[in-house]
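K.L.:
Provided below for reference: sequence and predicted model.
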Amino acid sequence: MSANQPPDREPRAPSALGSRSGSDVGTGAGTGVPSEAATGPVMLQRIVVAALVLLVVPLLTFAIAVVLGDETALAFALICVVHVLLLAYAGVVTVGQWRARTPPRPAEAVPPLAALLAALATLGLAQVLADAEGIRTSAVPRLRHGIPLPEDVPFVLSVLLAALAALVAIAALPLMMRRTRAVRALPGRIGEAAWKLGDTADDADSPRTPRPPVTSAKDPLPRRLLSPASRVLLVLGSVAALAGTLVFALAELPLPTAEALSYAIVLCPAPAMLWAVLSSLWRRDAELGILMAALYRTMAVPVLGAVVGLLPAFLAFLVPPVGYGFAEQYRAAVGDSGIVPEDSPLVMFFVLGALLSLLVGMLGGLALSIAVIMPLLTLFRPEQLVGENGLSTNRADRRRNVAAMRLMSLLVILIFVFAVLIADADAGEPRFTWAMVTLAVLVVLTAAIVRLQRKKGDRRPDSPSSEDDSR
């Protein structure tokens, strides 16, 4: 250090007013006080308010439809008021996400998701009421011809307000995601990926250090399986299944709506299962890596999600008024076209529903692992797959193994394509011909992969010594 340079300053403790740097400033402009979204008590209050919105808005719409069923125009006018309040709440949530500057917490996704689910639920209830009154498909034509009924205008307005509230709530999610470190670093990663794809040789000779693992065998099983966002989605799915069961049991629904709702109830836990698998991309496991962790969560998360997601709905079904109403609605509106036959005990609805949810979670997770996670890894972090599959990582073999893993991802996808094409295909049909072409490509890819792969410990005359592995 030269004589003209000032000595290094000791780091100062943060003052009581907090830092005024741009990364610490939240929605309190110019004060330097961290954003309210980063404080625990305020976030807890927002989660409680979101849960109340998710429960109260559909129940209030349902109560208006039941109490004022004979006065349709007044009922839809009051439903419009409910939708205006929901739109205002969704707007407040979205504006808060737009003004926030700090990196988001997973819990911040609860308010916009709750507003979105509430908007969809109340929109569905309004459609059910309009269908019962016979105006769902005829209101807009009457408005176009200038001969509306008294209830047509408030019905159409309620639908538009609910749809607008859903869109505003959806807008909060990308606004929240844009503040994540991953999205902020996305331009640099895209440039790095383009450089990698354009210079394969340098990529093969310069592997990147794997990111530190997020989970391990020492973690509790729920934390290892479910990311924080997946836990939030599982809770929301459980609440949605409970609300759907109550609506199914206590409301008089037409056949298409009742049948669709019966399937929606059992599929509510599915988004949490799929997100848990997809989050394996950035939640590397210390023992399993990324791809094997995704497959492990594909098998384990649906079991947990099907039980936890449908348990509140099943307990509500055991309450005699709910169970009786559910049985009457199912036999009258769904019958043999539902999940269980009409004459079967309706307890089997939740048993078979849990199995259906389990099947959807496993198949969806497998599709994500094969069609999304594995191709992304082979494109952007191929050395991660090379190490996880026990292949050689020395400089001479790394390039061949990266090419083999990229061909492997294509091979696995084509296996499923071949299975779909060959099923019920007759010889001579174009479908059978395409299946045979796919099979030939599979054979060529398999031979290429076997020839390219180099496992650890393989010795060849032109291979470098083990000392090169550490260079």
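P.N.:
It's in.

K.L.:
where does the chain dip in pLDDT?
P.N.:
Applying pLDDT under 70 to the chain flags residues 1-40, 69, 182-211, 336, 389, 393, 456-471.

K.L.:
Break it into its domains for me.
P.N.:
35-184, 215-379, 388-470 (automatic domain parsing).

K.L.:
hey, where'd the helices end up in the stretch 301-450 of the chain?
P.N.:
Listed in chain order, the helices of the stretch 301-450 of the chain (DSSP state H, counting those that start in this stretch) span 320-329, 347-368, 374-380, 382-388, 395-422, 430-452.

K.L.:
Could you export the domains of the chain to TSV, including columns for mean neighbour count?
P.N.:
Where C-beta positions appear, they are placed from N, C-alpha and C, glycine not excepted. Formatted as TSV, the domains of the chain follow (neighbours: other C-beta atoms under 10 Å):
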stretch	mean neighbour count
domain 35-184	18
domain 215-379	19
domain 388-470	14
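
K.L.:
Can you give me every residue that contacts the residue lying closest to R46 once chain neighbours are set aside?
P.N.:
Using C-beta to C-beta, 6 or more residues apart in numbering and skipping the chain neighbours, the partner closest in space to R46 is P111 (5.5 Å). Residues near P111 by C-beta atoms under 8 Å, 6 or more residues apart in numbering: 46-47, 49-50, 53, 93, 172.

K.L.:
What of L368?
P.N.:
274, 277-278, 294, 298 are the contacts of L368 under C-beta under 8 Å, 6+ apart.

K.L.:
again, only using 7 Å
P.N.:
L368 sits next to 274, 277-278 when contact means C-beta atoms under 7 Å, 6 or more residues apart in numbering.

K.L.:
same question, V441
P.N.:
Residues in contact with V441, defined by C-beta under 7 Å, 6+ apart, are L414.

K.L.:
re the thing from before, filter the contacts of L368 down to just the ones in helices.
P.N.:
Secondary structure from DSSP state H places 274, 277-278 of the contacts of L368 in helices.

K.L.:
what would those look like in a markdown table with distance to G305?
P.N.:
As requested, the ones in helices among the contacts of L368 are exported to a markdown table (distance: C-beta to C-beta, whole Å):
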| residue | distance to G305 |
| --- | --- |
| L274 | 10 |
| V277 | 11 |
| L278 | 14 |
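
K.L.:
what's the closest of these to V360?
P.N.:
Distances from V360 to the ones in helices among the contacts of L368, taken as C-beta to C-beta, are shortest for L274 (8.8 Å).

K.L.:
Excluding chain neighbours, give the residue nearest to the closest one in space.
P.N.:
Using C-beta to C-beta, 6+ apart and skipping the chain neighbours, the partner closest in space to L274 is G364 (4.9 Å).

K.L.:
My guess is the one you found contacts A276. True?
P.N.:
No: assessed by C-beta atoms under 7 Å, G364 is found out of contact with A276, at 10.7 Å.

K.L.:
who are the neighbours in contact with the residue nearest the centre of the chain?
P.N.:
The residue lying closest to the centre of the chain (C-alpha atoms, centre = their mean) is W275, at 4.2 Å. With contacts defined as C-beta under 7 Å, 6+ apart, W275 is in contact with 229-230, 233.

K.L.:
Closest one to L410 out of these, please.
P.N.:
Nearest to L410 out of the contacts of W275 is S230 (C-beta to C-beta; 28.9 Å).

K.L.:
what helix or strand is that closest one on?
P.N.:
Using DSSP states H and E, S230 sits within helix 228-250.

K.L.:
How about residues contacting that helix?
P.N.:
With contacts defined as C-beta under 7 Å, 6+ apart, helix 228-250 is touched by 54, 58, 62, 106-107, 109-110, 113, 117, 121, 226, 258, 261-262, 264-265, 268-269, 271-272, 275-276, 279, 305, 308-310, 312-313, 316-317, 322, 325-326, 329.
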